[in-house]
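1. Take a look and give me a structure for this.
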Amino acid sequence: MTTHKPISQPAVLAILPFALTTFVLATQAHAATDPRDATRLAACVAKAETKPEEALEDGFVWRSQGGAIYAEQCIAIARIEGGDIGGGAERLTALASAPDAGDEESRAMILSRAANAWMMIEEYAAAQKALDAALKLKPGEPDLLLDRARAKAGQSKWAEAQTDLTACLSVRPLDVLALRLRAETLLQQKSYDAAELDIAQALRLAPKDVDNWLVRGRIQEARRLGRAPD
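-> Take a look at the predicted model:
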C-alpha cells in the first residue's frame, strides 16, 4: 500500500469526522433505478453500524436475489463496519468501475464511500485517488472537494487542500467544517492572518463548537512560537 505522512493529531481535530454516509446517502435515491434499492441499501448501512455480521448476511441474501451493485455495496460496507476496512475499501473502489455500477452520480457515490473508508485507516493517498476519480464524474461537488481536502491534508499537502476548500467554500461559503479545515491549512503554511479570518468566521457561525476554539488556540500559539504547533 502507498506510504504516507500521517497528519498530526491536533490537525485531525480540524477535519470532518470520517463517515460512510457523507454525500452518498444524501443523493443515493436519485441514482437508484428502483427506489427500493436505495431504501434497502440505507437500511443495510444503518444495521452495519451496530450489527455488521447481520448486515453482511443480509447482503449475501440480497445478492442471491439479484441485488447486483447495491447488494455488493451492502456487503462491502458491512465488512468495513465489521473491521475489515481495507478489504471493504478495496471492494468499493473496484465496484465503481463495474459495468453495472450505474451512471456518473452512482459511481461517484461509491467512490466517496471508498475514500471515507480509506481515510478511516489513514490511507490518504488511496482516498485521494478515489476522490480524484469521483470529482471527474461530479466536478465541483462540495462534499467531494471537502473530503479530498481531508485526504490531501492527511498527506500534508496543505496548499492543495486549501485550493479544494476554497472551491468548496465558493459554493457553500457558510460551511463551518470547510472554514475550520482551511484555517488549519493556512496555519500549516504560516498564513496566520488568513487563518484567523477563517476561524473567526467559523466561530461566528458555530460559537459553541469546541474544535473551532481549539484551532483558534493553535493559531495563537503558532504566532507566539513562529511555527505551527506539533
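
2. And the helices in the protein?
-> Secondary structure of the chain (DSSP state H): helices at 9-12, 24-31, 35-50, 52-64, 68-81, 85-95, 104-120, 124-137, 142-154, 158-171, 176-188, 192-205, 210-225.

3. Now mean neighbour count too, for the ones you listed, in TSV please.
-> Just so you know, the C-beta spots here come from the backbone N, C-alpha and C atoms, and that holds for glycine as well. Shown next, in TSV, are the helices of the chain (neighbours: other CB atoms under 10 Å):
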stretch	mean neighbour count
helix 9-12	16
helix 24-31	17
helix 35-50	17
helix 52-64	17
helix 68-81	24
helix 85-95	20
helix 104-120	26
helix 124-137	22
helix 142-154	26
helix 158-171	20
helix 176-188	27
helix 192-205	18
helix 210-225	17
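
4. would you turn the ones you listed into CSV with mean pLDDT?
-> Output for those, formatted as CSV (pLDDT from 0 to 100):
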stretch, mean pLDDT
helix 9-12, 42
helix 24-31, 42
helix 35-50, 91
helix 52-64, 96
helix 68-81, 94
helix 85-95, 94
helix 104-120, 94
helix 124-137, 97
helix 142-154, 97
helix 158-171, 98
helix 176-188, 97
helix 192-205, 98
helix 210-225, 94
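
5. now stretch 71-89: how far from the chain's centre is it?
-> 16 Å (CA atoms, centre = their mean, to the nearest Å).

6. Residues in contact with that stretch: which ones?
-> 1, 20, 40-41, 44-45, 48-49, 52-53, 55-56, 58-60, 62-63, 65, 67, 91-92, 95, 98, 110, 113-114, 117-118, 120-121, 123, 126 (CB atoms under 8 Å, 6 or more residues apart in numbering).

7. Can you check the distance spanned by it, start to finish?
-> End-to-end distance for stretch 71-89, by CA to CA, to the nearest Å: 15 Å.

8. isn't residue 161 right up against residue 185?
-> Yes. Counting by CB atoms under 8 Å, residue 185 is a contact partner of residue 161 at 4.8 Å.

9. distance of residue 57 from residue 79?
-> Distance from residue 57 to residue 79, counting by CB to CB, to the nearest Å: 12 Å.

10. same question, residue 213
-> Going from residue 213 to residue 79 by CB to CB gives 37 Å.

11. And residue 95, by the same measure?
-> Taking CB to CB, one finds residue 95 at 12 Å from residue 79.

12. next one: residue 174
-> Residue 174 sits 36 Å away from residue 79, going by CB to CB.

13. what's the answer for residue 128, then?
-> 22 Å.

14. swap in residue 165?
-> From residue 165 across to residue 79, the span is 31 Å (CB to CB).

15. swap in residue 229?
-> Following CB to CB, the distance that separates residue 229 from residue 79 is 37 Å.

16. now swap in residue 86 and tell me
-> 9 Å.

17. repeat for residue 164
-> 29 Å.

18. Mark out where each domain of this protein begins and ends.
-> Domain assignment for the chain by automatic domain parsing gives 14-172, 173-230.

19. I'd say residue 186 and residue 198 touch.
-> Yes. The pair residue 186 / residue 198 is scored as a contact, 6.5 Å apart, by CB under 8 Å.

20. doesn't residue 155 make contact with residue 122?
-> No. Using CB under 8 Å, residue 122 is not in contact with residue 155; the gap is 10.0 Å.

21. These two: which has the busier surroundings?
-> The residue with more neighbours, out of residue 122 and residue 155, is residue 155; 20 against 16, by other CB atoms under 10 Å.
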